[in-house]
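In: here is my input, please return the structure:
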Amino acid sequence: MSVAKIAISIDKKLLKKLDKLVDQDLFQNRSQAISTIIEAGMTDFLRERFKRECEKLDPAEEQAMAEEGLYWDTKEWEKF
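Out: Numbers count the residues shown, from 1 in each chain. Got it, this is the predicted structure:
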């Protein structure tokens with residue numbers, strides 16, 4: 001796995017919480033903890049964003065568009 005080294009600023013209280021997780025052997029080091037937590041947070045963030053976008057869709061309208069597309073597709077198919 002290719003990794004990039006970065007520098008961040010973090011609240012001291014948050015850093016203490018992070019260090020406790022490392023001290024409890026939940027992570028090997030700060031880097032692993034931060035990487036894992038960011039990945040989990042990003043996954044949740046993107047899932048929620050996708051969910052919100054899906055909630056904007058109108059199921060009846062989506063169904064009508066899907067059926068309309070099927071209608072035109074079947075008219076163009078050759079008969080066997």
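In: other SSEs contacting the helix or strand Leu21 falls within?
Out: Leu21 is part of helix 12-23, with elements assigned from DSSP states H and E. If you count contacts as 3 or more CB pairs under 8 Å, 6 or more residues apart in numbering; DSSP states H and E, helix 12-23 packs onto helix 30-55. Bear in mind the C-beta positions are built from the backbone N, C-alpha and C, glycine included.
In: quick check: buried residues in stretch 22-36?
Out: Neighbour counts over stretch 22-36 (16 or more other CB atoms under 10 Å) mark Phe27, Ala33 as buried.
In: and the end-to-end length of that stretch?
Out: Terminal residues of stretch 22-36 are spaced 12 Å apart (CA to CA, to the nearest Å).
In: so what touches it?
Out: Ile8, Leu18, Asp19, Leu21 (CB atoms under 8 Å, 6 or more residues apart in numbering).
In: in TSV, list those residues along with distance to Ile34.
Out: Compiled in TSV, those are given as follows (distance: CB to CB, whole Å):
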residue	distance to Ile34
Ile8	8
Leu18	7
Asp19	11
Leu21	10
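In: now, of those residues, which are buried?
Out: Buried positions within the contacts of stretch 22-36, assessed by neighbour count (16+ other CB under 10 Å), are Leu18.
In: how far away from the center of its chain is the helix holding Leu21?
Out: Averaging C-alpha positions (CA atoms, centre = their mean, to the nearest Å) puts helix 12-23 25 Å from its chain's average.
In: next, the angle helix 30-55 makes with it.
Out: Orientation check (axes from the mean of the first three to the mean of the last three CA atoms, to 10 degrees): helix 12-23 against helix 30-55 gives 110 degrees.
In: now helix 12-23: average pLDDT?
Out: Across helix 12-23, pLDDT averages out at 98.
In: please apply the same query to stretch 39-56.
Out: Confidence over stretch 39-56, taken as the mean pLDDT, stands at 97.
In: need the residues that contact stretch 6-13.
Out: The set of residues that contact stretch 6-13 without belonging to it, under CB under 8 Å, 6+ apart, is Leu18, Ile34.
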